[in-house]
Every structure is written in structure tokens, then in C-alpha cells.
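Q: Based on what follows, work out the 3D shape:
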Amino acid sequence: MNGLEKQLYDNTEPIYHEMVKHLKSIGYSFESENCLSTFHAQIGSLYEAGGIAFYGRATNGWDDDYNPGINTVTLHTRSPFFQMVRRIASTFYPTNMAEHIVWSNVCKAAPWEKGNPSNQLWEDQYKYMTKILKAELRILQPAISVFITGIEEEKRYDSPLRKKETFPDLSLLYTHENSALGIECTVECYYSKTYNQYFLVTGRPEFQSGEFRDFQANHIINAIKSVLNKS
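A: All right, here's what the predicted structure looks like:
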């Protein structure tokens, strides 16, 4: 465990403990069949503050005991999400791409046998996962975080970044959209003065066309280039 990992662990483990205790108290299990699993941010060994973080929605079966760490990014070759992450990250880190980035998920507890959390589980863990998210951003200090979570604000996975009670000073800088490809293709760029960090929010690439994925990737890459050039 390197310095950043230890610092993040020390600051978030009490929150995870509190979350698991709470979820167990209202009937969730972390041991039996159909149980939940937890997920911690995966940090590449070469990652440094001022780098790039990628966020998905939930663990989808990658729990803390069986998750192969940041190497998941390269091992899951068929995943549209990780294909997108690799395409973007390799533009900036052609060698040992995964070791230079952070991969995390908005949700920190999800069904162990894959699948996204239910609406109820989302609500039951919300205050804990937002505390953990804030700690990740504060300690890891990415220059820019890419939330490949969804773009429609009324849907639960569309990043809690945009909720005023979580990030009250977040401002929308610009939007790239392609009406022919639908709203989920949109890429929005936000800035937080408190964190001095940029955030990109976009839709999921599953079941989408090559044109959809090209639009997303190109605008995300250009946005990251712009941010890193300013750093």
C-alpha cells in the first residue's frame, strides 16, 4: 500500500465501517447468498495527484476480495466501459496505462453477483458514498475526473456531483452534444472551486454505436488535454 492508498484507506475506512454497520442493521447481508459487496477506489502504482480518475456506477461483481485491482481496467476487454477508459487513458499514458490512473465507482455497495444496486440500496447508502467520494477527490486530487455514469439528472446514477447539497459550488463550463445520437451521448464539463478540479459527466457506452463512442471519447480527450495543459 503506497502513501496515497494508505491515506485514503485511513480516511475512508471508518466511513465504510459505518456504512456496512448501517446496512446490516436494516436487513442487508454481506456474508450469505445474494449478499452485498463493497468496493474501494483502485489506484495505479504510478498515479500522482493532478492525474485522471474514472468513475463508473457500481461494483458489478468486483468485490474487494476478488477484485484484481487497477488491472481490471485491462483485463475486462469486452466491457464497453473499460474499453472507453482504455481508449482515453492510453492517449495520455501509452505505456502502463492503467498504472497511471484511478478507477472508482459512485456506489460503494452493490450485489455481489453483479447487477446494479436497487433504488432502495441507492438511497440507503447515499450519504456514505458521497462522503467517500468527497474523500477520494480531496486526497487523490485528480486534475479531472471522468464520470461515465449517465447524463440525465433525474436518474439516480447521474452523478451526485451535480446535487447542490453535495457540491454546492459546482459550475457548468460547457456542453458538447449531438442531438442525433441522443442525450446520453452528451459530455458536460464542470468545475469546482473548492476542489480546484474539473469533472466530465457523460452517458454509458453499452449498446451504443461506434459513432456514439467516438463522439464521447474525442470530446473527453480534448477536454482532458485542455485541463492538463492549464495545470
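
Q: who touches the spatially most central residue of the chain in this structure?
A: Here the mean C-alpha position of the chain is nearest to the C-alpha of Tyr55 (C-alpha atoms, centre = their mean), at a distance of 1.3 Å. When the contact criterion is C-beta atoms under 8 Å, 6 or more residues apart in numbering, the partners of Tyr55 are Trp103, Ser104, Asn105, Val106, Ser145, Val146, Phe147, Ile148, Thr149, Ser159. Just so you know, the C-beta spots here come from the backbone N, C-alpha and C atoms, and that holds for glycine as well.

Q: Which members of these occur in helices, if any?
A: If you go by DSSP state H, those have nothing in helices.

Q: could you flag which of those residues are buried?
A: Burial by neighbour count, judged by 16 or more other C-beta atoms under 10 Å, picks out Trp103, Ser104, Asn105, Val106, Ser145, Val146, Phe147, Ile148, Thr149, Ser159 from the contacts of Tyr55.

Q: Run through this protein and note the low-pLDDT ranges.
A: Within the chain, the stretches falling below the threshold (pLDDT under 70) are 1, 33-34, 60-68, 114, 153-154, 158-159, 230-231.

Q: which residues in it form strands?
A: Remark: strands of the chain, listed N- to C-terminal, are 36-38, 42-43, 52-56, 102-105, 109-111, 144-148, 170-176, 187-192, 197-202; assignment by DSSP state E.

Q: and the second one, which strands flank it?
A: Strand 42-43 has its sheet partners listed here by DSSP bridges as strand 102-105 (antiparallel).

Q: How far does the strand it pairs with sit from its chain's centre?
A: Mean C-alpha position of strand 102-105 versus that of the full chain (C-alpha atoms, centre = their mean, to the nearest Å) differs by 5 Å.

Q: Name the residues that touch that strand?
A: Residues outside strand 102-105 that contact it (C-beta under 8 Å, 6+ apart) are 39-44, 47, 51-59, 70, 72-73, 85, 133, 136, 140, 142.

Q: Tell me which of those fall in helices.
A: Members of the contacts of strand 102-105 lying in helices (criterion: DSSP H): Thr72, Val73, Val85, Leu133, Glu136, Leu140.

Q: Going by distance to Leu228, which of those residues wins?
A: Closest to Leu228 out of those is Leu140 (15.6 Å), distances taken as C-beta to C-beta.

Q: Pull the number of nearby residues for the residue nearest to that closest one when sequence neighbours are not counted.
A: With sequence-adjacent residues excluded and distances taken as C-beta to C-beta, 6 or more residues apart in numbering, Leu140 is closest to Val102, at 5.7 Å. Burial measure for Val102: 22 neighbouring residues, criterion other C-beta atoms under 10 Å.

Q: Please report how far Val102 lies from Ala217.
A: According to C-beta to C-beta, to the nearest Å, Val102 stands 19 Å off from Ala217.

Q: try Leu133
A: Between Leu133 and Ala217 the distance is 24 Å, computed by C-beta to C-beta.

Q: Please say which of those two ends up with more neighbours.
A: With other C-beta under 10 Å as the criterion, Leu133 and Ala217 differ in neighbour count, and Leu133 comes out ahead with 24 against 18.

Q: The more buried one is in contact with Pro160, isn't it?
A: Yes. Because the distance of 7.1 Å satisfies C-beta atoms under 8 Å, Leu133 is recorded as touching Pro160.

Q: Contacts only, for Ala49.
A: Going by C-beta under 8 Å, 6+ apart, Ala49 touches Leu4, Leu140, Gln141, Pro142.
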